[in-house]
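A.B. asks: Got a predicted structure here, sequence first:
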Amino acid sequence: MEQYFEVKGTTLIVKLPAEIDHHNAEELRAGADRLLQRRLIRLVVFDFERTVFMDSSGIGMIMGRYKTMRFMGGNVIAVHVNERMQRIMKLSGICKLVDICEEIPEARQIT
């Protein structure tokens, strides 16, 4: 599961798998929450580069991390979102809360 997470400074990058369903959404949630508790994270980036399927448990996982980050004063963005995932995010309302970007904006990139 660790291959899905990368921390750069105060940014947590979650490299999502090809399919996000109830089996791996719980693992992603637990892994992200563990890092959010241990590190000073200000930005969570969900990277959809490999993702072709997401069900309601994936939507719930993203919404939960959004709520956590808002409580902590941070932000959440999504990158590399294909047309199919954009449609799911629009129908679920996630796109009203989470910015969708082509790449991580320069000002937010940590090297």
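C.D. replies: Nice, I can see it.

A.B. asks: OK, contacts around residue 75?
C.D. replies: 42, 43, 44, 69, 99 (CB atoms under 8 Å, 6 or more residues apart in numbering). Any C-beta I mention is one placed from the backbone N, CA and C, and that applies to glycine too.

A.B. asks: go again using 10 Å as the cut-off
C.D. replies: Applying CB atoms under 10 Å, 6 or more residues apart in numbering, we find residue 75 in contact with 11, 42, 43, 44, 45, 66, 69, 98, 99, 108.

A.B. asks: what number of residues lie near the fourth one?
C.D. replies: It stands for residue 44. Here the number of neighbours of residue 44 (other CB atoms under 10 Å) works out to 24.

A.B. asks: Would you double-check that it falls in a strand?
C.D. replies: Yes: per DSSP: H, G, I helix; E, B strand; the rest coil, residue 44 lies within a strand segment.

A.B. asks: Was I right to think it contacts residue 36?
C.D. replies: Yes: shown here, residue 44 and residue 36 form a contact pair, counting by CB atoms under 10 Å, at 7.7 Å.

A.B. asks: which residues do these two both contact?
C.D. replies: 12, 65, 68, 69, 72, 74.

A.B. asks: out of these, which one sits closest to residue 50?
C.D. replies: residue 12 (17.4 Å; CB to CB).

A.B. asks: I'd like the average pLDDT over the host helix or strand of the closest one.
C.D. replies: If you go by DSSP states H and E, residue 12 is part of strand 11-15. Mean pLDDT, strand 11-15: 95.

A.B. asks: just stretch 86-98 next, same as before
C.D. replies: 93.

A.B. asks: That concludes my questions; thank you for your assistance.
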